[in-house]
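Peer 1: I would like the atomic coordinates for the input below:
(one chain, ligands or ions: 2)
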Amino acid sequence: MSTITTDICVIGGGSGGLSVAAGAVQMGARVVLIEGHKMGGDCLNYGCVPSKALLAQARAVKARGTKPTPNDFTAAMAHVKATIAAIAPHDSVERFEGLGVQVLQGHARFTGPDRAEVNGTTVKARRFVIATGSAPFVPPIEGIDSVPYMTNETIFDQQARPGHLLVIGGGPIGLEMALAHRRLGSEVTVIEGAKAMGRDDPDAAAIVLASLRTEGIDIVEGATVEKLSGRAGALEVQVKGGTIFTGTHLLIAVGRKPNTDTLGLDRAGVKHDRNGVTVGPDLRSSNKRIYAIGDVAGKGQFTHLAGYHAGVIIRAMLFGLPAKARTDHIPHVTYTDPELAHVGLSEADARKQFGANLSVHKVGYDQIDRAQAEGATTGFLKLMVAHGRPVGCTIVGRQAGELIAPYALAIANKMKLSAIANTVLPYPTLAEIGKRGAGAYFSGKLFDNPNVKRVVRLVQKWLP
Ligand SMILES: Cc1cc2nc3c(=O)[nH]c(=O)nc-3n(C[C@H](O)[C@H](O)[C@H](O)COP(=O)(O)OP(=O)(O)OC[C@H]3O[C@@H](n4cnc5c(N)ncnc54)[C@H](O)[C@@H]3O)c2cc1C
Ligand SMILES: NC(=O)c1ccc[n+]([C@@H]2O[C@H](COP(=O)([O-])OP(=O)(O)OC[C@H]3O[C@@H](n4cnc5c(N)ncnc54)[C@H](O)[C@@H]3O)[C@@H](O)[C@H]2O)c1
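Peer 2: Ligands and ions are numbered 1, 2, ... in the order given. Okay, here's the model as predicted:
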């Protein structure tokens, strides 16, 4: 048994772990990175990258305007593989070794509070970072073991287009995959136990769901799945109340479970529960030398969140500076058509927190000249403002994921709304919707204000 001694040992080479490893080694720390499967983790191999590549191909097929063919599906899957291959070198063992990281390939588990073991090698480190991500949660539905089903880990391996895809779960994974498959020519039924896009602004979610339904996706809400049966090509999903949905393929997309089971956390004195490793705002676990970041830290499941966590703990580990992870400025986007983007407080939470000090402003895409020119008038921006600062923003509509950026900047930096109102934007752009939101706040204050009117009248009397 050999032993490696290092400053920082990162377990998991996905979005979070790779960011820590690259940042820490380039600032002079000795870093060991242990990856048990594929470098790049879920985002590159089974998540963000393949899903957005598939959606891009599906959008192109829809824009073409002719009936999708089986070949379109095969070509789309080839594009998914090519996209992963194009990005993979950036996350590769070779690149990280080139940066000076010692990469060990194998499944790590803790053997003590300051050490972990991988393939017979012990790694002793001053600090550990658990960045092991999450895996699809497969619920214990009756019949689950006897039917073939896909998760995000297998759906991108499909060679042939499914005739009729049944999707259990109307969250971001379920809806993004539903849209991609529908546009590539499959029949699609989404079966959601509660409310689809249930964590998003209800007005915005309603617009997305209406649009998906218009494209021919059957979205059934309030339908808890009770039983699965059938075989490949002829599957049945029975929901509470007895209704049965039939299809050829099945995707399970009902949430995630943290990858903690085989890590030996108890040996390291690291507390954990079903949400993942228990951490404070400083992302430290109950063993102060061990941090957890990204999906496994149970604070949200986004690549940019894992990357943000990485930056926070690098400050603490390398410079001994106090560092806390904020939660109020993390945006999220669901890449449906239209897209739904959000940052900061929801309208409901903002009303609870700020009461009468909150004002809410809504601007429709139809008020934006570029949206009119593009025929993209569906959607709106909703802005929550308190004490002159934006505290939340939801955008649903074309390119909402891009358009949320100025509000992500403003909320992250606690900027005043005047910074957005004072910015001159090129005309005609969709980005004007953000400035119109700010304008809606100020115009009420300026145009409906009797004091302003009085002052203007007075000044006009005296002006030469
Ligand atoms: C279909 C899908 C689409 C998504 N789309 C988006 C999106 O558009 N935008 C977005 O922001 N987020 C998206 N996400 C979420 C995003 O993929 C995750 O939030 C992100 O990958 C989390 O990064 P992480 O570093 O925590 O974990 P991961 O990237 O999953 O990395 C964890 C790594 O740890 C390794 N590992 C696990 N256990 C061990 C062990 N014991 N020893 C060694 N290695 C181990 C795993 O093999 C894996 O490589 C999507 C997810 C899915 C499933
Ligand atoms: N665009 C993005 O950023 C993006 C895309 C995909 C995934 N992700 C991340 O991955 C996470 C996981 O995504 P997800 O869609 O799997 O999970 P989710 O938790 O967001 O949504 C799962 C949905 O399944 C429903 N559900 C649960 N059990 C059910 C049952 N038995 N029958 C029917 N419906 C049931 C829930 O009510 C919920 O609406 C997301 O929350 C997100 O953080 C992000």
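
Peer 1: Pick out the residue of the stretch 51-200 of the chain closest to ligand 1.
Peer 2: Nearest residue of the stretch 51-200 of the chain to ligand 1: Gly133, at 2.5 Å (CB to the nearest ligand atom). No exception for glycine: its C-beta is placed from N, CA and C like everyone else's.

Peer 1: count of neighbours near Ser443?
Peer 2: 13 (other CB atoms under 10 Å).

Peer 1: ok, now the one 5 residues further on?
Peer 2: Asp448 sits with 9 neighbouring residues when counted by other CB under 10 Å.

Peer 1: Can you pull the phi/psi pair for it?
Peer 2: phi -100, psi 20 (degrees, to the nearest 10).

Peer 1: So it versus Ala440, what's the distance?
Peer 2: Separation of Asp448 from Ala440 (CB to CB, to the nearest Å): 12 Å.

Peer 1: Quick check: closest non-adjacent residue to Asp200.
Peer 2: Leu340 (5.8 Å; CB to CB, 6 or more residues apart in numbering).

Peer 1: for Asp349, same thing?
Peer 2: Leaving out its chain neighbours, the residue that sits closest to Asp349 by CB to CB, 6+ apart is Gly392, at 7.5 Å.

Peer 1: picking up where we left off before, burial of the residue lying closest to the residue of the stretch 51-200 of the chain closest to ligand 1 once chain neighbours are set aside, as a residue count?
Peer 2: Computed as CB to CB, 6+ apart, the closest residue to Gly133 that is not its neighbour in sequence is Asp295, at 4.6 Å. Number of residues near Asp295 (other CB under 10 Å) recorded here: 32.

Peer 1: would Asp295 count as being in a strand?
Peer 2: No: counting by DSSP: H, G, I helix; E, B strand; the rest coil, Asp295 falls outside a strand, being helix.

Peer 1: Look up how far ligand 2 lies from it.
Peer 2: From Asp295 across to ligand 2, the span is 8 Å (CB to the nearest ligand atom, to the nearest Å).

Peer 1: That residue against Ala135, yeah?
Peer 2: No: if you go by CB atoms under 8 Å, Asp295 and Ala135 don't touch, sitting 9.1 Å apart.

Peer 1: what sits up against the helix or strand where Ala22 lies?
Peer 2: Assignment of secondary structure by DSSP states H and E places Ala22 within helix 15-26. The contact list for helix 15-26, computed with CB atoms under 8 Å, 6 or more residues apart in numbering, reads 7-8, 10-11, 13, 31, 33, 35, 39-43, 91, 96, 99-101, 129, 131, 133, 293-295, 303, 306-307, 309-311, 313-314, 317-318.

Peer 1: Can it be said to contact ligand 2?
Peer 2: No: for a cut-off given as CB under 6 Å from any ligand atom, helix 15-26 has no contacts with ligand 2; the smallest distance is 11.5 Å.

Peer 1: other SSEs contacting the helix or strand that that helix is followed by?
Peer 2: Note on helix 15-26: by DSSP H and E, the next helix or strand toward the C-terminus is strand 31-35. Under the contact criterion of 3 or more CB pairs under 8 Å, 6 or more residues apart in numbering; DSSP states H and E, strand 31-35 touches strand 2-11, helix 15-26, strand 102-105, strand 121-130.

Peer 1: Please determine whether the shortest one lies in contact with ligand 1.
Peer 2: Same thing as strand 102-105. No: Strand 102-105 stays clear of ligand 1 (CB under 6 Å from any ligand atom), getting no nearer than 8.6 Å.

Peer 1: What residues of the helix or strand immediately after that strand in the chain count as buried?
Peer 2: Using DSSP H and E, the next helix or strand after strand 102-105 towards the C-terminus is strand 109-112. Neighbour counts using 16 or more other CB atoms under 10 Å place 109-110 of strand 109-112 among the buried residues.

Peer 1: Listing partners with orientation, what would you give for whichever helix or strand comes after strand 109-112?
Peer 2: Once the chain leaves strand 109-112, the next helix or strand it forms, by DSSP H and E, is strand 115-118. Strand 115-118 has its sheet partners listed here by DSSP bridges as strand 109-112 (antiparallel), strand 121-130 (antiparallel).

Peer 1: Nearest spatial neighbour of Asp114, chain-adjacent residues omitted?
Peer 2: Lys124 (5.9 Å).

Peer 1: With mean pLDDT, distance to Leu184 and mean neighbour count added, can I get the helices and strands packed on strand 31-35 in JSON lines?
Peer 2: Below are the helices and strands packed on strand 31-35 laid out as JSON lines (pLDDT from 0 to 100; distance: least, CB to CB, whole Å; neighbours: other CB atoms under 10 Å):
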{"stretch": "strand 2-11", "mean pLDDT": "98", "distance to Leu184": "37", "mean neighbour count": "20"}
{"stretch": "helix 15-26", "mean pLDDT": "98", "distance to Leu184": "27", "mean neighbour count": "25"}
{"stretch": "strand 102-105", "mean pLDDT": "98", "distance to Leu184": "35", "mean neighbour count": "18"}
{"stretch": "strand 121-130", "mean pLDDT": "98", "distance to Leu184": "37", "mean neighbour count": "22"}
